[in-house]
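> Only the shape, not the letters, is given here:
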């Protein structure tokens, strides 16, 4: 009977550790930065939108995001289970169009730092990455819809960095 008690205690400990770890990860506020190749950068936690140019200094624009908008974006992040993805993820697509324009997503909590790199212009990825890519693309779509509603960003100057 004694070995069963040790096994039961170990099982309870493991279950509690797993539950607490997922709660800690999911309840932390996200710091989100999205960079579109070398043209634009959006830092949601600092409320900064940066427009990069070919031959002049970048333009930095401050903006405000409503708390419910930020909370909703975090909910989308967690609902898509992006917090379960590896800390560094460079998704290789199966498209042959050049140039490839990558979007970089940097998400940070107190406990973790994740970086994703994806080509938004392609919807075909390696079979093992397709599900991850689809989830990240859904997040980017939601992110874009959110920032395009912000007046300061909607009226911001456009980058002159164009890709052939």
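Yep, it's here. For clarity, every value in this text was computed on a predicted model and none was experimentally measured. Residues are numbered from 1 along each chain as shown.

> other SSEs contacting the strand or helix carrying residue 60?
Residue 60 is part of strand 59-62 when elements are defined by DSSP states H and E. Using 3 or more CB pairs under 8 Å, 6 or more residues apart in numbering; DSSP states H and E as the contact criterion, the secondary-structure elements in contact with strand 59-62 are strand 48-51, helix 151-154. (Glycine included, C-beta is placed from N, CA and C.)

> so which of those is the most packed in?
Burial of the helices and strands packed on strand 59-62 is given as mean neighbour count (mean count of other CB atoms under 10 Å); strand 48-51 ranks first at a mean of 17.

> partners of it in the sheet?
According to DSSP bridges, the neighbouring strands of strand 48-51, each with its direction, are strand 40-43 (antiparallel), strand 59-62 (antiparallel).

> that older thread, Throw the helices and strands packed on strand 59-62 into TSV and include distance to residue 92, thanks.
Listed next are these as TSV, based on distance: least, CB to CB, whole Å:
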stretch	distance to residue 92
strand 48-51	27
helix 151-154	30
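
> which residues of this structure score low on pLDDT?
Within the chain, the stretches with pLDDT under 70 are 1-28, 163-164.

> Secondary structure element for the most centrally placed residue in it, which one?
When CA atoms, centre = their mean is applied to the chain, the residue found nearest the centroid is residue 105 (4.4 Å). Using DSSP H and E, residue 105 falls within strand 102-108.

> Following the chain onward from that strand, which element is next?
strand 113-119.

> Tell me the strands beside that next one, with direction?
Strands that pair with strand 113-119, judged by DSSP bridges, come out as strand 88-90 (parallel), strand 102-108 (antiparallel).

> What residues sit buried inside it?
Neighbour counts using 16 or more other CB atoms under 10 Å place 114, 116, 117, 118, 119 of strand 113-119 among the buried residues.

> Tell me if I'm right that the third one and residue 102 touch.
Yes: the pair residue 117 and residue 102 qualifies as a contact (CB atoms under 8 Å) at a distance of 5.4 Å.

> re earlier: which residues outside whichever helix or strand comes after the strand holding residue 60 are in contact with it?
Using DSSP H and E, the helix or strand that follows strand 59-62 towards the C-terminus is helix 67-79. For helix 67-79, the surrounding residues in contact (CB atoms under 8 Å, 6 or more residues apart in numbering) are 26, 29, 30, 32, 44, 83, 107, 138, 139, 142, 143, 146.

> Good, wrapping up.
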